[in-house]
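S.K.: sequence first, predicted model second:
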Amino acid sequence: MTTRELIADDAELWHAATHHPFLDAVRNGTLDPAAFSRWLVQDHHFALALTRAEGRYLANAPRRDLELLGQGIQAMVAELAWFERNAAERGLDLATPLHPTVRAYVDCLHAAIAALLARGEALVDAVREAKDFISRAIAGAPGVGRGHGPVDHSA
């Protein structure tokens, strides 16, 4: 399976993942500059963690997943270069500590993928299902307290 085939297979999901109002504002330059800077640094952390995870998955992936993972890593390396160029242009320090919410998201994503792989899911399906789980968990958050709270782990 290739990246193009994966996107074509789930075109609606791809569109939903890449056309959120926040991402649209990032893409068209209408996001508040301070919010863009915070997002840029924190999302760089996430993109770097995801790229490294994909590299670890590649090491033990079945032959059928190698092309897709290789394409995914290439795309993430290009995305990291974009983050780095934009951070340099704005004088941002990409070594800024990871926000606890981003850390929790990355950890939850890795744990969900590992659990699904241990259950015998194919890598591509495990990543897709893990992302879906996290989206449902965030959407079903109980909304207790103020600020960022717990997610619905029963999603």
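M.R.: Thanks, I have it. Numbers count the residues shown, from 1 in each chain.

S.K.: nearest spatial neighbour of Leu80, chain-adjacent residues omitted?
M.R.: Ala47 (5.7 Å; CB to CB, 6 or more residues apart in numbering). (Each C-beta comes from the backbone N, C-alpha and C, glycine too.)

S.K.: run a quick neighbour tally on the one you found.
M.R.: 16 (other CB atoms under 10 Å).

S.K.: what values do phi and psi take at it?
M.R.: Note on Ala47: its backbone torsions stand at phi -60, psi -40 [degrees, to the nearest 10].

S.K.: could you do His19 as well?
M.R.: The phi/psi pair for His19 (degrees, to the nearest 10) is phi -130, psi 50.

S.K.: roughly how far apart are it and Leu58?
M.R.: Remark: distance between His19 and Leu58 (CB to CB, to the nearest Å) = 28 Å.

S.K.: of the two, which one has the most company?
M.R.: Leu58 (16 against 10).

S.K.: skipping adjacent residues, who's closest to the more buried one in space?
M.R.: Leu69 (4.5 Å).
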